[in-house]
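**Q** No letters, just coordinates:
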DNA sequence: TTGTAAGCGTTATCAA
DNA sequence: TTGATAACGCTTACAA
């Protein structure tokens, strides 16, 4: 009973009474079990529901053991346009199927993540979409074993059996790196957020090194794990002063790093692309304005697919777990001219 | 029962049995009613809960009539950085208090909005935060009358009694307009998304006209309601060709319009700020990169405040409804030089 | 085609 | 300090 006065909710019992039938019959109506209802009864119930303005309680339905119509989404950072787009896609898909989304934000903090997972569990979510820190694998395993459908997005967990929706990071990185080499860049620096065992970041760095090796270019020394402005500033300086004799370019591992790098270059008055080129993973809307070459992920689609996959599992599909890898598109813009 | 095999959830009954006490006693433990528990009992229950890995069901608690620990957030567009930031703030505040957020996206579509509100109701949400289309006022009134705490963010509803968290649009617009005039601009065009009775948009346009009038400048003919790229293109042309003899500037009513306008100017090769200045309401992260003067809203704070206000109401606070108007900050950048 | 009654996991009331 | 028991609003065997 919130607030002051108490207005009680219209329940299935009210409808049953008013329509002169049993709760069961009304329940059948609600669940769409129409065939087993006399036409007359059907109409009467329909009218009554309309008149009383009745809305079945998903809460009560959920408790009884079927579905809560709730899907949990646990993301590392809601503010990141990448996450937002996923959220958006997932939300649309949910709405289409009568589900609601419980949105959680972990800030890449494993404890917060754990906390959220437990909260979601206590809400009896029907499925979980998670962009995980990778530090709560046991808990996730348990939930999965308890038959909670889980879809991992963006990041994988080794030896974890679950559906996954990601992009093909290796291929994307290879494509972009080769593109840069073809354009004539001799020194390529890869800037990433701290790797910390996060699969996506590891994969991208590895693919980057592999692509450089394959092209016979120096490797490894040009991977920078950065986070703070200070780190970014010093890394940029280190890279630029060590590569003065060559055409060079910075490859930013995601949109967050990309933004910070661009801002820092600007602050230092370093001209793009004359002094250094730039290419970014993720394609934030401003990349077009600033004319930055990017790898665009189908983020919206990732969200939609994750929900679709969840729904399949919730409906009892038994097929082996799938790893859906969606394609990434290279958007060539002005920040990476031929050199 | 989702999936295939069925693992049943650990319930309060299991704990009670294992600990050799009644459900009631365990319930007391859960609800933090510690004083009425013997120390021995307390410890035993604690151990049992730990051992069985028990998590109380918020669903069941919700049904029983207390709280669902769910707060609904209905936003016009989750992708808009403005909305995202609110979501982020609200999410943080919720988490702090053990609540979860049900995130909904209406695309400014009144029917979708109505749909969502009803869905949220059926989940027994404890409170609602809404950035409304303004077309479901009756429904909102009803819910409010049924004691659902509601907080309006960003947009108001005339004659609607509820708490509100917004920014002071009039003051912000006045400040920015005067700033532009002081800088020497003689023609100022205001670009807004279709107004359609949305309070925020109306207010901003009115404040804009008022500020121009006060300064003795021509008014009204320079307000453009735009949405599609086509409309933006033609409006820009109309404005520029009608103002050739004066220093001029475009005032974008929000971040969505700002982005579109900047892109369009770029496509047409129109130089900012030499040929036309730009100022935007909202302060997306890329505004710093492109050096655009903006009005920055404390979006994160809006989300936090909305939740705090909700919690107060849920805890029975009876004070008159409040309208919290947070300050906007003018971020002066390169797109509006002295002319 | 419809209804009865038990139960989902909690909390509230009343007794002990 | 503890416990029985009846709700909360719905679904689901099982009957009729």
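**A** Yep, that arrived. Remember, predicted model here, so these are calculated numbers, not experimental data. Residues are numbered from 1 along each chain as shown, chains lettered A, B, ... in the order given.

**Q** Please count neighbours and contacts with C-alpha atoms only from this point.
**A** OK.

**Q** pretty sure residue A:128 is touching residue A:71, no?
**A** Yes: with the criterion set as C-alpha atoms under 8 Å, residue A:128 and residue A:71 qualify as a contacting pair; they are 5.8 Å apart.

**Q** do you know how far the residue in the stretch 201-339 of chain A that DNA strand C sits nearest to is from DNA strand D?
**A** When distances are taken as C-alpha to the nearest atom of the strand, the stretch 201-339 of chain A reaches nearest to DNA strand C at residue A:314, 17.9 Å away. According to C-alpha to the nearest atom of the strand, to the nearest Å, residue A:314 stands 14 Å off from DNA strand D.

**Q** Ok, residue A:131 next?
**A** Residue A:131 is 31 Å from DNA strand D, by C-alpha to the nearest atom of the strand.

**Q** Then residue A:156?
**A** Residue A:156 is 34 Å from DNA strand D, where distance means C-alpha to the nearest atom of the strand.

**Q** And residue A:74, by the same measure?
**A** As defined by C-alpha to the nearest atom of the strand, residue A:74 lies at a distance of 28 Å from DNA strand D.

**Q** Residue A:82 now?
**A** Between residue A:82 and DNA strand D the distance is 36 Å, computed by C-alpha to the nearest atom of the strand.

**Q** Wait, that residue touches residue A:299, no?
**A** Yes: contact status for residue A:82 versus residue A:299: in contact at 6.4 Å, counting by C-alpha under 8 Å.

**Q** Who has more neighbours out of those two?
**A** Using other C-alpha atoms under 10 Å in any protein chain shown, the more surrounded residue of residue A:82 and residue A:299 is residue A:299, with 26 against 23.

**Q** just checking, that one touches residue A:85?
**A** Yes: in terms of C-alpha under 8 Å, residue A:299 counts as a neighbour of residue A:85; the distance is 5.5 Å.

**Q** wait, is residue A:317 part of a helix?
**A** No: secondary structure of residue A:317 (DSSP: H, G, I helix; E, B strand; the rest coil): coil, not part of a helix.

**Q** show me the contacts for residue A:278.
**A** Contact criterion C-alpha atoms under 8 Å, 6 or more residues apart in numbering or on different chains gives A:249, A:250, A:251, A:252, A:272, A:292, A:293, A:335, A:336 as the residues in contact with residue A:278.

**Q** That one: what's its closest spatial neighbour, skipping adjacent residues?
**A** Distances taken as C-alpha to C-alpha, 6 or more residues apart in numbering or on different chains put residue A:250 closest to residue A:278, at 4.9 Å, once the chain neighbours are dropped.

**Q** what about that neighbour, which helix or strand?
**A** Take DSSP states H and E as the rule and residue A:250 turns out to sit in strand A:248-252.

**Q** what sits against residue A:72?
**A** Shown here is residue A:72, whose contacts under the criterion C-alpha under 8 Å, 6+ apart are A:101, A:102, A:103, A:104, A:120, A:125, A:126, A:127, A:128, A:129.

**Q** Do a quick rundown of the helices in the stretch 201-339 of chain A.
**A** According to DSSP state H, counting those that start in this stretch, the stretch 201-339 of chain A carries its helices in the segments A:229-241, A:255-267, A:286-290, A:299-314.

**Q** Please identify the deepest-packed of these.
**A** Of all the helices of the stretch 201-339 of chain A, helix A:299-314 has the most neighbours on average by mean count of other C-alpha atoms under 10 Å in any protein chain shown, namely a mean of 22.

**Q** Would you agree residue A:271 is in contact with residue A:265?
**A** Yes: taking C-alpha under 8 Å as the definition, residue A:271 is a contact partner of residue A:265 at 7.3 Å.

**Q** nearest to residue B:39, of the helices of the stretch 201-339 of chain A?
**A** Minimum separation from residue B:39 across the helices of the stretch 201-339 of chain A (C-alpha to C-alpha) falls at helix A:299-314, 43.3 Å.

**Q** what's the closest one packed up against?
**A** On a contact count with 3 or more C-alpha pairs under 8 Å, 6 or more residues apart in numbering or on different chains; DSSP states H and E, helix A:299-314 meets helix A:81-96, strand A:127-130, strand A:150-153, strand A:163-167.

**Q** Chain B: which of these is closest?
**A** helix A:81-96 (6.0 Å; C-alpha to the nearest C-alpha).

**Q** Report all helices and strands that that closest one contacts.
**A** Taking 3+ C-alpha pairs under 8 Å, 6+ apart as the contact definition, the neighbouring helices and strands of helix A:81-96 are strand A:100-105, helix A:299-314, strand B:100-105.

**Q** Turn these into CSV, columns for mean pLDDT.
**A** Written out in CSV, the entries for the helices and strands packed on helix A:81-96 read as follows (pLDDT from 0 to 100):
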stretch, mean pLDDT
strand A:100-105, 96
helix A:299-314, 96
strand B:100-105, 96
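
**Q** which parts of the strand or helix carrying residue A:176 are buried?
**A** Applying DSSP H and E as the criterion places residue A:176 in helix A:169-182. With burial defined by 16 or more other C-alpha atoms under 10 Å in any protein chain shown, the residues of helix A:169-182 counted as buried are A:169, A:170, A:171, A:172, A:173, A:174, A:175, A:176, A:177, A:178, A:180, A:181.

**Q** which outside residues touch the following helix or strand past that helix?
**A** From helix A:169-182 onward toward the C-terminus, using DSSP H and E, the following helix or strand is strand A:187-192. Counting by C-alpha under 8 Å, 6+ apart, strand A:187-192 makes contact with A:201, A:205, A:208, A:218, A:222-226, A:239, A:243, A:246-254, A:257, all of which sit outside it.

**Q** wait, does the helix or strand that contains residue A:25 contact DNA strand D?
**A** Using DSSP H and E, the element containing residue A:25 is helix A:23-30. Yes: part of helix A:23-30 sits close enough to DNA strand D to count as contact by C-alpha under 7 Å from any atom of the strand, namely A:23, A:24, A:27, A:28, A:30.

**Q** Just the buried ones among those residues, please.
**A** The neighbour-count test (16+ other C-alpha under 10 Å) applied to the residues of helix A:23-30 next to DNA strand D identifies A:23, A:30 as buried.

**Q** The closest residue to DNA strand C within the stretch 51-200 of chain A and residue B:112: what is the separation?
**A** For the stretch 51-200 of chain A, the residue positioned closest to DNA strand C under C-alpha to the nearest atom of the strand is residue A:64, at a distance of 3.2 Å. To residue B:112, residue A:64 is 28 Å away according to C-alpha to C-alpha, to the nearest Å.

**Q** More neighbours: which of the two?
**A** Legend: neighbour count by other C-alpha under 10 Å for residue A:64 and residue B:112, higher for residue B:112 (15 against 11).

**Q** Next up, the contacts around that one.
**A** Shown in contact with residue B:112 (C-alpha under 8 Å, 6+ apart): residue B:106.

**Q** Remind me which helix or strand it belongs to.
**A** Element membership for residue B:112, per DSSP H and E: helix B:110-122.

**Q** What are the contacting residues of stretch A:201-209?
**A** A:169-171, A:173-174, A:177, A:190, A:192-193, A:195, A:219-220, A:223, A:253.

**Q** With stretch A:160-171 instead?
**A** By C-alpha under 8 Å, 6+ apart, the surrounding residues in contact with stretch A:160-171 are A:137, A:141, A:144, A:149-156, A:200, A:203-204, A:206-208, A:297, A:302, A:305-306, A:309, A:321-328.
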